[in-house]
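> quick one: sequence plus predicted model below, questions after.
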Amino acid sequence: MSKNFFEIRNGYFVASEKNKVNNVNLAIEKQGDVVSLLGPSGVGKTTILRTIAGLQKINSGEIFLKNKIISSENFHLEPEKRNIALSFQDNSLFPNYKVIDNINFGKKRSKGNRFEIKANDIIKLLHIEPILEKYPHQISAGEAQRVSLARSIMSNPDLLLLDEPFSNIDQNLKDEIQYSVKNLLKKMSLTTILVTHDSFEAFSLADKCGIILNQELKQFDVPYSVHHEPNSIEVAKFLNRGVFVDVEVIETDCAVHSLKHSVLGEIRGKLVNNFPAGSKVKLLLQPEDLIHDDQSKLKLEVIDKKFRGTNFIYTLKTSSDEKIPVFVHSHHIHQHEKSEKFGIKTPIFIDHLVCF
Amino acid sequence: MPRYNIWFFSSLVIALIVALPIITVFFSFFSETSNYFNVLKNTFLFEYINNSLIILISVLIITFFVGVASAYFVSFYDFPFSNFFSWALILAFAIPGYIFAFSIIAFFENYGTAYTILTNLFGEHNYNPLIPKFDSLIGSIIAISFSLFPYVFVLTRSSFLYQSNNYIEVGQNLGLSEKETFYKIILPSARPAIIAGLALVAMECLSDFGTVSFFSVNTLTTGIYNSWLSFDDLNTANQISFILLLFILLLFSFEIYSRREARYHQPSRGFKPINKIKLTGKKSLIPFMFCFLIFFVSFVFPVSQMIFWTFKFPKYFQDIDILKINLNTLYLVGLASLCLVATSLLINYGSRISKSKILNYLTNFSISGYAIPGVILAVAFITFFSNLSDLITNFFNVGSTKHLFIGSISGLILAYFVRFFSLSFNGIKSSYEKINNSIDESAYLLGYSKVRTFSKIHVPYLKNNIILIIVLISLEIIKELPITMILRPFNFETFATQAYVYASQDLLEAAALPSLFLIGWATILILFSSKYILSPKN
């Protein structure tokens, strides 16, 4: 049995030869927590969701929900008996029923449950009112996704599974809907597992975030730690747009640790993982880590410049041929062109020194 | 490993039932040949094959020309009544070849309808030598061609219509003239559809029994029928069936192949309907006259002939128990539709939820029944059930059990089942495939059991499709002749058998009333399903 609200123990999930995830250990301690699973497309995230929902059998390991086992090698509770809702990535609305009837399909289960949900509130929250009387083939993919989400929430399940729930929703509506959905889930105390390949979505919605890479759950932690303290090069590479540069550990005894790079010089901050002085390690340099300073003596050559609206990303080349990205706010008046010199503020200070 | 569950066994049983005629014919071919077959081999067999091939090739040429030309006119040109012709030309489906044959004879025979018209117009005279007479072979070719050309028309029209205007515009942009655009772009891309249509025509043509038998042309189908009826030689009948089946199977695979090719020409995104060229004045006369002529000959002519005779000889209103025939037809249609639709639903559902490959192969095999000509099916059925009855009699020492399936409604329904299972199965399958698998899964996750998902989600979704399939099955059964003729209970008549029986007794005027009813019902059913028949996917 499990003390946690939901738990996967040593889960082995297989959809095909390439698409499998091994040795998954994941626990949701209390009801109402939202967990996101983040990983590149085709890594097996959906397979995990389908297995939790009971649409697929687990190859080995165990899944517990509310202190009861729901899946193991020898036991499989049918999906209709699990009270787990899954909102699919593709359109899974019942084609011969109107949007409103589709949403009401969810009601069947919610009767007598702990939380009285009003369909109207959800409909309003997800901006579904104008399409209530339409049939699924008459609405857009983004609208269908919102209806599917509403239907799943209406069923007031013990566990809500969302498979890329916002992938087809227009960008201008996405932020608002994400915000509303997060509030609603919390208000309803609805335990949720969300699958996405968008790290912003995963970080902003979830209490905890799991990173799935190379057929394994690599890290499972609060979003802040996952972002700032990745536990492997793979996770860091997957999450960041940064680069790894070779540095030597100089000082680790004081509160502020110190590293040395052959071109950038001294880099100060706090080491996330401990290394003895003298170690040769790789340091993660993210675009926001270096600060532009025209007065600085440390100058690097600009080899690329991209305009990203609110900022520019400059790619700089060191004399040892390392390429380093740097963010600069786009209001900044000192714009630099390719092959010009670009000053970096020294000494460099980075809060989290992520080294491997 | 296949899962040996209820779905597997029910699919296996259906596959076996459908396979019965083929297996029977196959084994008969290798059994001892009778004297009659040896005589036949040296005398008429060559004539059978020869006539069948002459009719086949001629019908293919005529249906190609008539079907493609009429489809071309209604798809690319806007002329008076062009929209009317685009659906009215499929009404020819309502006239079976044998009824067209009755009309030809009734019109052109000595002192026939043509004679009456000429007399009324120009006064008394011996017009008989002036009226052309068609010999049996030509008569058969014309009758079969005009009853089958809609296959080519429908498929070619869909292909033309749903060819995106983009291609045509690109062609023109690259400097092709109108004529060049047709020969270099339009026709080649419609080729798979035309071939598929012609393959269907060929299969139906080789299967035709009513027309050739009415005209007394010796073909493979009449050969099979005569060996059974006149010489009581089932073995020979099956041996001729084997030869015919070889031809049919060749065409069957050809048809499947061309359909697969035709799939690449389905409309996709960015599809722009064709801008029809508006024709006025003299220019519009050619397409109008052509389509009108085809519509007149294929539909108006036989219908008017039957109406004319029905009212010219009103005594048959009393002689023929038309109400009973209506009820008989309804009974057959109802029972067959029920069996076919229920089984197709179950098997489709089974293969959907069990996702077994073996099950798929079995069901794919089961749909081959529609390729087997009615005559072969009926004779093979009689052979099989006679042998089975003899076996049971010898083994259990009980009386004959032949009557259970030969000359009985149950046998008739079973034979219809084999013949029309593909129609019903594929019809439901095409609609079922549109229901995404995640829809079923969503229902399970919302707490619906498999049975409730089926009744609450699947059945309401498939409802319109099921009605359509019942309409199409009804249409086929109403027109069906050889199976009903051979396997029906004594004195049990449908419109088709009643008309054919009278006509073969030279009582063509008596055949008019049941023929007219047959055409009437068929027309209603075609109008009901015309939207489906004319859709690009069929």
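Received the coordinates, thanks. Residues are numbered from 1 along each chain as shown, chains lettered A, B, ... in the order given.
> please state the backbone phi and psi of B:Gly112?
Note on B:Gly112: backbone dihedrals following degrees, to the nearest 10 are phi -90, psi -160.
> was I right to think it contacts B:Ser103?
No. With contact defined as CB atoms under 8 Å, B:Gly112 and B:Ser103 do not form a contacting pair (10.1 Å). C-betas here are computed from N, CA, C, even on glycine.
> neighbour count: those two, which is higher?
Set B:Gly112 next to B:Ser103 and count neighbours by other CB atoms under 10 Å in any protein chain shown: B:Ser103 wins out with 26 against 18.
> that one against B:Pro302, yeah?
Yes. Counting by CB under 8 Å, B:Ser103 touches B:Pro302, with 4.0 Å between them.
> overlap of the contact sets of those two?
Taking CB atoms under 8 Å, 6 or more residues apart in numbering or on different chains as the contact criterion, B:Ser103 and B:Pro302 have no common neighbours.
> all strands of the stretch 1-150 of chain A, in order?
Per DSSP state E, counting those that start in this stretch, the stretch 1-150 of chain A carries strands over the ranges A:6-14, A:20-28, A:34-38, A:60-65, A:68-71, A:84-87.
> buried set for the second one?
Think strand A:20-28. The neighbour-count check on strand A:20-28 (16 or more other CB atoms under 10 Å in any protein chain shown) flags A:20-22, A:24, A:26-28 as buried.
> how about these in JSON lines, adding pLDDT?
JSON lines is the format used below for the buried residues of strand A:20-28 (pLDDT from 0 to 100):
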{"residue": "A:Lys20", "pLDDT": "86"}
{"residue": "A:Val21", "pLDDT": "90"}
{"residue": "A:Asn22", "pLDDT": "89"}
{"residue": "A:Val24", "pLDDT": "91"}
{"residue": "A:Leu26", "pLDDT": "92"}
{"residue": "A:Ala27", "pLDDT": "93"}
{"residue": "A:Ile28", "pLDDT": "93"}
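> return only those of those residues found close to chain B.
For chain B, no contacts are drawn from the buried residues of strand A:20-28 by CB under 8 Å from any CB of the partner chain.
> just curious, which of the residues you listed is nearest to chain B?
Set against chain B, the nearest of those by CB to the nearest CB is A:Ile28 (18.6 Å).
> which parts of chain B sit against chain A?
By the rule CB under 8 Å from any CB, the part of chain B lying against chain A is B:434-436, B:438-439, B:441-449, B:457, B:460-461.
> and those, which are buried?
B:435, B:438-439, B:441-448, B:457, B:461.
> save those residues as JSON lines, and put in pLDDT and secondary structure too.
Shown next, in JSON lines, are those (pLDDT from 0 to 100; DSSP: H, G, I helix; E, B strand; the rest coil):
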{"residue": "B:Ile435", "pLDDT": "84", "secondary structure": "coil"}
{"residue": "B:Ser438", "pLDDT": "85", "secondary structure": "helix"}
{"residue": "B:Ile439", "pLDDT": "89", "secondary structure": "helix"}
{"residue": "B:Glu441", "pLDDT": "89", "secondary structure": "helix"}
{"residue": "B:Ser442", "pLDDT": "89", "secondary structure": "helix"}
{"residue": "B:Ala443", "pLDDT": "90", "secondary structure": "helix"}
{"residue": "B:Tyr444", "pLDDT": "89", "secondary structure": "helix"}
{"residue": "B:Leu445", "pLDDT": "88", "secondary structure": "helix"}
{"residue": "B:Leu446", "pLDDT": "87", "secondary structure": "coil"}
{"residue": "B:Gly447", "pLDDT": "85", "secondary structure": "coil"}
{"residue": "B:Tyr448", "pLDDT": "87", "secondary structure": "coil"}
{"residue": "B:Ile457", "pLDDT": "89", "secondary structure": "helix"}
{"residue": "B:Tyr461", "pLDDT": "88", "secondary structure": "helix"}
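> what is the neighbour count of the residue of the stretch 51-200 of chain B found nearest chain A?
Distance from chain A to each residue of the stretch 51-200 of chain B (CB to the nearest CB) is smallest for B:Tyr162, at 19.0 Å. Neighbour count of B:Tyr162, defined by other CB under 10 Å: 20.
> residues contacting B:Ile382?
Neighbouring residues of B:Ile382 by CB under 8 Å, 6+ apart: B:228, B:234, B:406, B:486-487.
> for those residues, give me a markdown table that also has secondary structure, neighbour count and pLDDT.
Below are those laid out as a markdown table (DSSP: H, G, I helix; E, B strand; the rest coil; neighbours: other CB atoms under 10 Å in any protein chain shown; pLDDT from 0 to 100):
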| residue | secondary structure | neighbour count | pLDDT |
| --- | --- | --- | --- |
| B:Trp228 | helix | 23 | 83 |
| B:Leu234 | helix | 22 | 80 |
| B:Ile406 | coil | 21 | 83 |
| B:Ile486 | helix | 25 | 90 |
| B:Leu487 | helix | 27 | 91 |
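> wait, which of those is closest to chain A?
B:Leu487 (38.9 Å).
> what about A:Val354, distance to chain B?
Distance, A:Val354 to chain B, by CB to the nearest CB, to the nearest Å: 39 Å.
> grab the nearest non-local neighbour of that residue.
Nearest non-adjacent residue to A:Val354, counting by CB to CB, 6 or more residues apart in numbering or on different chains: A:Leu284, 4.1 Å away.
> confirm that neighbour sits in a helix?
No. Counting by DSSP: H, G, I helix; E, B strand; the rest coil, one finds A:Leu284 to be strand, located in no helix.
> my read: it touches A:Ile324, true?
No. With contact defined as CB under 8 Å, A:Leu284 does not count as touching A:Ile324 (11.3 Å).
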